[in-house]
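**Q** give me a model of this one.
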Amino acid sequence: MIMKRYLIAAVALGLAGLGGIAAGGVPTAVAADEDNGPAWAVAAPGRIEPKNGMVNIGTAIIGRIAEVYVALNDEVEEGELLLKLDDAEARARLAAAETIADVREKTRDDGRLNSDRKDVRDAEDEVYRAERAATGARIELDYALTGRRNGTVTERTLRNSRRRLEQADDRVRKARVKVARAQADSDLPAPSPAEAAVSEARAQVAIAEALLDKTRVRASRAGRVLILRAKSGEMVAPSPRQPLVVIGDMSGLQVTAEVDEADVAKIEVGQEAYVTSISYPDKEYEGKVVKVAPALARPEIMQRGARRPTDVEILEVTIDLEGDVPLLPGMRVDAFFRK
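**A** Numbers count the residues shown, from 1 in each chain. From the prediction side, this is the model:
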């Protein structure tokens, strides 16, 4: 039964010259079960992905990789440091900016200040110090997480680092609220030249800090390292199509199928489906439709029809596969949506 159904499906997916083609050059579902008529309503090409899809992670700046902290198949948590670019210049810029900000703050405090702006000055000072503490806590947590991976940091130390970062972030949020409240006074006088100089210097600190942070490439989501294209000493640059690290949640697998627009009306959330793979020709892997895209898109898996080279013509449909299946992310499969 499976072999016969599979042969029929192959015919349905390859009727290029026999009339079983939708308007966009994609085969429609015309196969029938040997006993009970059509076994499925729609057939479509698909690709295996980890749960919630694959996350492509790259660098935001050009630089040389100083150190890679993860390996293939490593499990990482959200925010964990994956690799670091050479940051000597960024650290020097930040140190210089902080020095200038400190000097200007002292100059401001040594001069005559408008007492009506005291609440604003105090709140802005608190924000600045809270942000510096948060930066230090973030770097501390980076080293704690990498230390846990190589066995030099205990779980207790890691918990303490996480707690300090949470406290620092909370302090920043509260300080910013105080600044907003202090600045809400419509009668607040304009800042003095000394106060403006301090604000400018602190803005340069924020810019230098942002540049330093861009030398750190962190995981934007928890998951497993599926692809790693980074090596120490390599020069890298921003490239959306060539990520340095690809992460996925391997606690489950899903299929992204490309359904031809002619078959859109036959698909709905909750619909049962199954997929087949040329790697396991005698197997069918059951699943269920969990997401249907709200708009048509250009195909990424199937070939574009020559008759409509510029049209959008497919609907992305996500199928959650049931149980533990041997398929791997990136594999191409045929998806069949049951009636």
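**Q** now do the contacts for Thr157.
**A** Counting by C-beta atoms under 8 Å, 6 or more residues apart in numbering, Thr157 touches Ala144, Gly147. In short, each C-beta sits where N, CA and C put it, glycine included.
**Q** after the helix or strand that contains it, which helix or strand is next? Please name it.
**A** Element membership of Thr157, judged by DSSP states H and E, is helix 155-183. Heading C-terminal from helix 155-183, the first helix or strand you meet, by DSSP H and E, is helix 193-213.
**Q** could you pull up the mean pLDDT of that next one?
**A** With pLDDT averaged residue by residue, helix 193-213 scores 96.
**Q** next helix or strand past it?
**A** Downstream of helix 193-213, the next assigned helix or strand under DSSP H and E is strand 216-218.
**Q** so what does that next one touch, helix or strand wise?
**A** Helices and strands touching strand 216-218, by 3 or more C-beta pairs under 8 Å, 6 or more residues apart in numbering; DSSP states H and E, are strand 81-85.
**Q** now do 10 Å
**A** The elements that strand 216-218 packs onto, with contact taken as 3 or more C-beta pairs under 10 Å, 6 or more residues apart in numbering; DSSP states H and E, are strand 63-68, strand 81-85, helix 118-150.
**Q** could I get the average pLDDT for that strand?
**A** Rounded to a whole number, the mean pLDDT of strand 216-218 is 96.
**Q** got the contact list for that strand?
**A** Residues outside strand 216-218 that contact it (C-beta atoms under 10 Å, 6 or more residues apart in numbering): 57-60, 63, 65, 68-69, 76-85, 87, 90, 138-139, 142, 145, 230, 236, 244-245.
**Q** among the residues you listed, name the buried ones.
**A** Buried positions within the contacts of strand 216-218, assessed by neighbour count (16 or more other C-beta atoms under 10 Å), are 57-59, 63, 65, 68-69, 76, 79-85, 87, 90, 138-139, 142, 145, 230, 236, 244-245.
**Q** and the nearest residue to Asp169 once chain neighbours are set aside, how many neighbours?
**A** Leaving out its chain neighbours, the residue that sits closest to Asp169 by C-beta to C-beta, 6 or more residues apart in numbering is Ala134, at 5.7 Å. Using other C-beta atoms under 10 Å, Ala134 is surrounded by 21 other residues.
**Q** wait, Ala134 sits on Lys174?
**A** No - using C-beta atoms under 10 Å, Ala134 is not in contact with Lys174; the gap is 11.9 Å.
**Q** dihedrals phi and psi, Ile278?
**A** Geometry field for Ile278 lists phi and psi as phi -70, psi -20, criterion degrees, to the nearest 10.
**Q** that one contacts Arg332, correct?
**A** Yes - with contact defined as C-beta under 10 Å, Ile278 counts as touching Arg332 (8.0 Å).
**Q** hmm, back to that, closest to Asp169 out of the helices and strands packed on strand 216-218?
**A** Within the helices and strands packed on strand 216-218, the stretch nearest Asp169 is helix 118-150; the backing value is 5.7 Å (C-beta to C-beta).
**Q** hang on, the earlier thing: give the contact list for the residue nearest to Asp169.
**A** Under the contact definition (C-beta under 10 Å, 6+ apart), the residues listed for Ala134 are Arg164, Leu165, Glu166, Gln167, Ala168, Asp169, Asp170, Arg171, Val172, Arg173, Glu209.
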